[in-house]
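In: here is the input, now give the coordinates:
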Amino acid sequence: MSRRPGTRSAKRNVRAGRRRARVRHEREAAEWLFVDAREHWGSPERVLCVPLAGGGLPAIVAELSPQSRVDAFFLDLFHAEKAREKLQPLRDRTEVYCQPDPPQGPYDLVFLPTDRRGEAELARDLVQSAHQVLRAGGRLLTSTNNPGDRWLEEVVGRCFGKPRRVAFDSGVVYVADKTGPLKKEKDYTAEFVFRDLDRLLTVITRPGVFCHRRLDAGARALIRSLGPPVGMRLPGHSDVPRPRSGSDETLPGHVPGLVGSEQAVEHPVAGNAGGPAPVDAALVKSASQYCPTPRLQPAHRVLELGCGAGAVSFAAAWRVSEGSVVAVDSNARAVQCTQWGAERNALGNVRAILNADGHLDAFAPFDCVLTNPPYFSDYRIAELFVDTAQRLLAPRGRLHVVTKSADWFVDRCQRSFGTVDVERYGEYFVVVATKPRR
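Out: As a prediction, this is how the structure comes out:
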């Protein structure tokens, strides 16, 4: 029996929409638990809210506690900007901060909602930070949307002593008062080293940054798609000649697949019925290691959208020793970690920027844009990244996108760029799109 075009795609979109609605509802539930626990607020003068997303929680607190000055702390600039919009009518009593760590305070009361699906180490870090910014005798109210929780209770207990447990049908609120300084402060910052050809690069990460404590396999695939620096010979391949000055070879161009370890993928990439056509298997080339062709020239200007802790930017930076790398992320800690990592690796040509809207025209044009888009948000972030790349790339500039499912990106990039290659590195695809000449 034939399937009506678009049925599978429509059903998958419905399921994805239901999952997003459920997650949003559960996160909101974790914040609304504080209203149910209103009797434990007291009469604070200074309040800090650490919302899960948006400005709902600080707006509620400001309205229910009119005598309080309410600050809202975000790691992500997109959510911080949304909160500023929502809190505009209350701007005389509220302030929004987007930075790597909470404001110093001291605060009388801290609201810290947590999501049962959230990052455990980030929750531990934020509980400790709440203790640090509270005044002596100040209070932490932290919640979870897990009604059977005991884990968060233990985390709070390590910093504050055993908290009071206030249980509700949809979750739990813990009430903890600061009675003295921390016995031992833990540093959750981590470092790891990875090899990129003959270079060892150090990455510094913190909780809340993508792939804390490890190198993401997608980032590794994106680095391999860059090939070696100009003049370096890869084992098993002939020497790569340095491009002639002034020739088209000095500019990014169309590279039809990979030269080494070249073989077609046996099965096409899964596509959406009624959506983007599945990628033709004959167009996909497989490589176990690096692309043997240098993709970056020493004087190239590179942009990474969604840099995380900066591993890919560092790999690009030592290939463009005479050029520059602009590393962009909406997460304030990611930008901080990238700055730290660039200094540790002595890469003075890396500039880390906090940005959530892609308005980076002041730094354009770029010869190459690199990105590992997040899988959530129904490709809205991916769409922003592709649009930004198309706008900021120089003619013949390249966009490299790493993904586990290439069909949407191939379809989207063909419409914007025209020339598109698909390369496979392990379980990841790298879609390489070349901007046409004017």
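In: okay, V14: pLDDT?
Out: Note for V14: predicted pLDDT of 45.
In: also G208?
Out: At G208, pLDDT is 97.
In: that one - how many residues pack around it?
Out: 21 (other C-beta atoms under 10 Å). Heads up, the C-betas are built off the backbone N, CA and C, glycines and all.
In: so it: helix, strand or coil?
Out: Of the three states, G208 takes coil according to DSSP: H, G, I helix; E, B strand; the rest coil.
In: distance-wise, check it relative to R344.
Out: Going from G208 to R344 by C-beta to C-beta, to the nearest Å gives 20 Å.
In: then C49?
Out: Counting by C-beta to C-beta, the gap from C49 to R344 is 34 Å.
In: more neighbours: which of these two?
Out: C49 (28 against 16).
In: wait, that one touches F111, no?
Out: Yes. Using C-beta atoms under 8 Å, C49 makes contact with F111 at a distance of 4.7 Å.
In: shared neighbours of those two, which are they?
Out: Listed as contacting both C49 and F111 by C-beta atoms under 8 Å, 6 or more residues apart in numbering are 57, 61.
In: and for V230, nearest residue in space, chain neighbours not counted?
Out: Spatial nearest neighbour of V230, chain neighbours left out: P294 (4.8 Å); criterion: C-beta to C-beta, 6 or more residues apart in numbering.
In: brain fart, G161
Out: Sequence neighbours aside, T179 is the residue nearest to G161 in space, at 6.6 Å (criterion: C-beta to C-beta, 6+ apart).
In: and the gap between that neighbour and W32?
Out: Relative to W32, and taking C-beta to C-beta, T179 is found at 28 Å.
In: again, but for T293
Out: To W32, T293 is 55 Å away according to C-beta to C-beta.
In: so where's the stretch 301-438 of the chain shaky on pLDDT?
Out: Applying pLDDT under 70 to the stretch 301-438 of the chain flags the ranges 376-377.
In: what about the helices in it?
Out: Ranges of helices within the stretch 301-438 of the chain are 311-319, 332-344, 380-392, 407-416, based on DSSP state H, counting those that start in this stretch.
In: got the angle between the second one and helix 311-319?
Out: Angle between the axes of helix 332-344 and helix 311-319 is 30 degrees (criterion: axes from the mean of the first three to the mean of the last three C-alpha atoms, to 10 degrees).
In: the chain should start at 43 in everything you say after this.
Out: Will do, 43 is the new start, and the previous item becomes helix 374-386.
In: what comes up buried for helix 374-386?
Out: In terms of neighbour count (16 or more other C-beta atoms under 10 Å), helix 374-386 has its buried residues at 374-384, 386.
In: tabulate the residues you listed (TSV), appending distance to R206.
Out: What follows is those, written out as TSV (distance: C-beta to C-beta, whole Å):
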residue	distance to R206
A374	32
R375	31
A376	35
V377	37
Q378	35
C379	36
T380	40
Q381	40
W382	38
G383	41
A384	45
R386	43
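In: closest to V169 among these?
Out: Checking the buried residues of helix 374-386 against V169 by C-beta to C-beta gives R375 as the nearest, at 16.3 Å.
In: and the gap between the closest one and D150?
Out: For R375, the distance to D150 - C-beta to C-beta - is 26 Å.
In: do the same with P478
Out: On the measure of C-beta to C-beta, P478 and D150 end up 59 Å apart.
In: try G400
Out: Applying C-beta to C-beta, the value for G400 to D150 is 39 Å.
In: neighbour count: the two, which is higher?
Out: It is D150, of G400 and D150, that has more neighbours when counted by other C-beta under 10 Å, with 20 against 16.
In: so which strand or helix has D150?
Out: strand 149-156 (DSSP states H and E).
In: what comes up buried for the helix or strand just after that strand?
Out: Note on strand 149-156: by DSSP H and E, the next helix or strand toward the C-terminus is helix 162-175. Using 16+ other C-beta under 10 Å as the test for burial, helix 162-175 gives 164-175.
In: packing partners of helix 162-175?
Out: With contacts defined as 3 or more C-beta pairs under 8 Å, 6 or more residues apart in numbering; DSSP states H and E, the packing partners of helix 162-175 are strand 149-156, strand 176-186, helix 193-202.
In: which among these is found nearest to V362?
Out: strand 149-156 (41.0 Å).
In: and that closest one with helix 162-175, angle?
Out: 170 degrees.
In: tell me the mean pLDDT for strand 149-156?
Out: 98.
In: for that strand, packing partners?
Out: helix 49-78, strand 88-91, helix 98-106, helix 162-175, strand 176-186.
In: and the fourth one, how far from the chain's centre?
Out: Put plainly, it is helix 162-175. Relative to its chain's centre, helix 162-175 lies at 20 Å (C-alpha atoms, centre = their mean, to the nearest Å).
In: ok, now the third one?
Out: Between the mean C-alpha location of helix 98-106 and the chain-wide mean there is a distance of 27 Å, by C-alpha atoms, centre = their mean.
In: return the list of strands paired to the helix or strand following it, each annotated with direction.
Out: Sequence order places strand 111-116 as the next helix or strand after helix 98-106, per DSSP H and E. When pairing is defined by DSSP bridges, strand 111-116 lines up against strand 88-91 (parallel), strand 136-140 (parallel).
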